[in-house]
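Novice: Sequence plus the predicted model coming up.
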Amino acid sequence: MLKQRVITALILAPLALFGILFLPLIGFELFIAAVMGLGAWEWANMSGMKSRPSKAVYTLIVLSLCLLLAFQLPHDLIWYQGSLNSLYHYVLSVAAIWWTVSLGMILAYPKYSSVWRKSVAIRAVFGVLTLVPTWVAVVSLRTSLYDIDPLYGASLIFYVLGIVWAADIGAFFVGVKFGRHKLRPNVSPGKTLEGLAGGVMASTAIIAFAAMHYQVDPGRIWLHILVGGITVGVSALGDLNESMFKRCEGIKDSGKLLPGHGGIMDRIDSLTAAFPVFAFCYVTWMA
């Protein structure tokens, strides 16, 4: 298992780096749309869709929505005079609302879940609200200030990846060593409050480094720390959200696309929450 995980990671990491750093913007949009399409196939399974045709149709819907947004709004019009296009801003606002609703669902689970838990259609809609805004968020960040510095947006993406991965690593080691109090045992028995605290502490170093790297005004450092903390916290929410839907469907992994890692959604669950919420905060308060 460990060997498979290492081999898969060694293959995927260079692909991700290449896609973020070297693909032209239209290629990057298609690349992220493809990832969301793979996530949609697995979400269809978590929603209760059993047949391949129904999964394929759902995947096509999610992929089409991403591509429609890409071709509806050329990448050079995503930002105008430092402001994000209103359509993309609206999608990020909807995502912020969805993750607030998701938090309530997780806190209440399994109470008050019978309506959506028994409905394939409602769970499928939840997938659209998770995956499409992730595409919008990643593309919005990548194109930020592109005409001034083509790699500035890439640095924002790496920032989110860095604090989320640091939080995951910190949460794992602190949770294993000191974890005593379960975070949401009805949703994910392995998550602990101590692990969450360890993840937040581990990500603090990257948040501080980023503040220095971007030469943040001292009077606005608190805002960067707040947004970074929110991003880390909501990344845990993304993990719990996927665990909740897998538990409803009685499955351990979202899929088998990544040997040793499970499915695509098992690797990006935290990011599907972190990217839209960070992008919303960035566009609203920091851009």
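Specialist: Looks like it arrived, so ask away.

Novice: what helix or strand is residue 248 on?
Specialist: Here residue 248 is covered by helix 221-249, with elements defined by DSSP states H and E.

Novice: ok, residue 133 to residue 36 distance?
Specialist: As defined by Cβ to Cβ, to the nearest Å, residue 133 lies at a distance of 10 Å from residue 36. C-beta here means a position set from N, CA and C on the backbone, and glycine is covered the same way.

Novice: what about the two, which has more around it?
Specialist: Neighbour count, other Cβ atoms under 10 Å: between residue 133 and residue 36, residue 133 has more, with 28 against 25.

Novice: residues in contact with the more buried one?
Specialist: Going by Cβ atoms under 8 Å, 6 or more residues apart in numbering, residue 133 touches 91, 92, 94, 95, 98, 276.

Novice: Where helices are concerned, which of those residues count?
Specialist: Of the positions in those, 91, 92, 94, 95, 98, 276 sit in helices, assigned by DSSP state H.

Novice: got a winner among those for most neighbours?
Specialist: In terms of neighbours by other Cβ under 10 Å, those top out with residue 276 at 30 neighbours.

Novice: Where does the prediction get shaky in the stretch 1-150 of the chain?
Specialist: For the stretch 1-150 of the chain, the stretches with pLDDT under 70 are 1-11.

Novice: redo that, cut-off 50
Specialist: Counting by pLDDT under 50, the stretch 1-150 of the chain shows low-confidence ranges at 1-2.

Novice: show me where it has strands.
Specialist: Assigned by DSSP state E, counting those that start in this stretch, the stretch 1-150 of the chain shows strands spanning 79-80, 83-84.

Novice: got the contact list for the last one?
Specialist: Applying Cβ under 8 Å, 6+ apart, the contact partners of strand 83-84 are 78, 92, 140, 283, 287.

Novice: Return the members of the residues you listed classed as buried.
Specialist: The neighbour-count test (16 or more other Cβ atoms under 10 Å) marks 78, 92, 140, 283 as buried among the contacts of strand 83-84.

Novice: Could you list the paired strands of the longest strand belonging to the chain along with their orientation?
Specialist: Taking DSSP state E as the criterion, the chain has its longest strand at strand 188-192. Here strand 188-192 is paired, per DSSP bridges, with strand 182-184 (antiparallel).
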